[in-house]
Every structure is written in structure tokens, then in C-alpha cells.
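Asker: please find the sequence and the predicted model below.
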Amino acid sequence: MTVEPNDVLIEITGMLRETMGEFGPAAQITSDSTFYGLGLESLEIVALGGRIQAHYGWSVNFVQFAAGVSVGNLEDVTLGQMVDFVVESLNSPTPAAGS
């Protein structure tokens, strides 16, 4: 079964809103939204990564995703980049790490 990017975007947007709680932005969250633009700090990004991994399983390894981003730039990652990683991980016969 192939996972579609829009379906993953919807799921992750829901997880993002849960992670941010009442402090989340009132603005629309899109695939172009950056974590920094949404007001997320490093711990919240890690919490979101944990939710994503718990939801999709070990084939989506957030640590490997974060390792591919330089430390100071994690906040500049877009939601679309994370969605692409999840989709690639789930649609790949092997984990997306190292790709």
C-alpha cells in the first residue's frame, strides 16, 4: 500500500496541533510552514518526532531525519520536508535513512 503525502500531512498536522496545544498558532499550518515559524522549540520538535514515530512505527526514524539536518537548522525545516521523509520511509522497502 502506497502512502500519499496529503494523508501524511493531515496526520502530522493533527499531531503538531496536539503537541503545541493551546499555544499553537491560529494561522493555517501548511507544508511550507517551518517549525520556527510555528513557534516550536527544540523540545517540541523532538516531542513531535516521537509522536510521528509512535504513530507510523520504527520505519520512520526521527533521529535519522534530525541527523540529516544541521543542529542549528532544525527549526528551519518545513513540515513538507518532514512529510516527504515520512512518505519515503513508509513507501520504501527499506528505511529512508542514509538516502
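Answerer: Perfect, I can see it now.

Asker: ok, now which ones touch Glu41?
Answerer: Glu75 (C-beta atoms under 8 Å, 6 or more residues apart in numbering). (Each C-beta comes from the backbone N, C-alpha and C, glycine too.)

Asker: make residue 1 into 894 and carry on from there
Answerer: Sure, I'll start numbering at 894, so the last one becomes Glu934.

Asker: now it: how far from Thr912?
Answerer: From Glu934 across to Thr912, the span is 11 Å (C-beta to C-beta, to the nearest Å).

Asker: ok, now Leu983?
Answerer: 20 Å.

Asker: when these two are compared, which one has more neighbours?
Answerer: Neighbour tally, Leu983 and Thr912, criterion other C-beta atoms under 10 Å: the higher count belongs to Thr912, 22 against 17.

Asker: so that one sits right up against Val939, yeah?
Answerer: No: counting by C-beta atoms under 8 Å, Thr912 does not reach Val939; the two are 9.8 Å apart.

Asker: low pLDDT regions in the chain?
Answerer: 915-920, 963-965, 987-992 (pLDDT under 70).

Asker: give me phi/psi at Val896?
Answerer: phi -90, psi 130 (degrees, to the nearest 10).

Asker: tally of neighbours for it?
Answerer: Neighbour tally, Val896, other C-beta under 10 Å: 16.

Asker: so which residue is smack in the middle of this protein?
Answerer: Met975 (3.9 Å; C-alpha atoms, centre = their mean).

Asker: spit out the contact partners of it.
Answerer: 905, 945, 958.

Asker: of the residues you listed, which is the most crowded?
Answerer: Of these, with other C-beta under 10 Å as the count, Ile945 tops at 25 neighbours.
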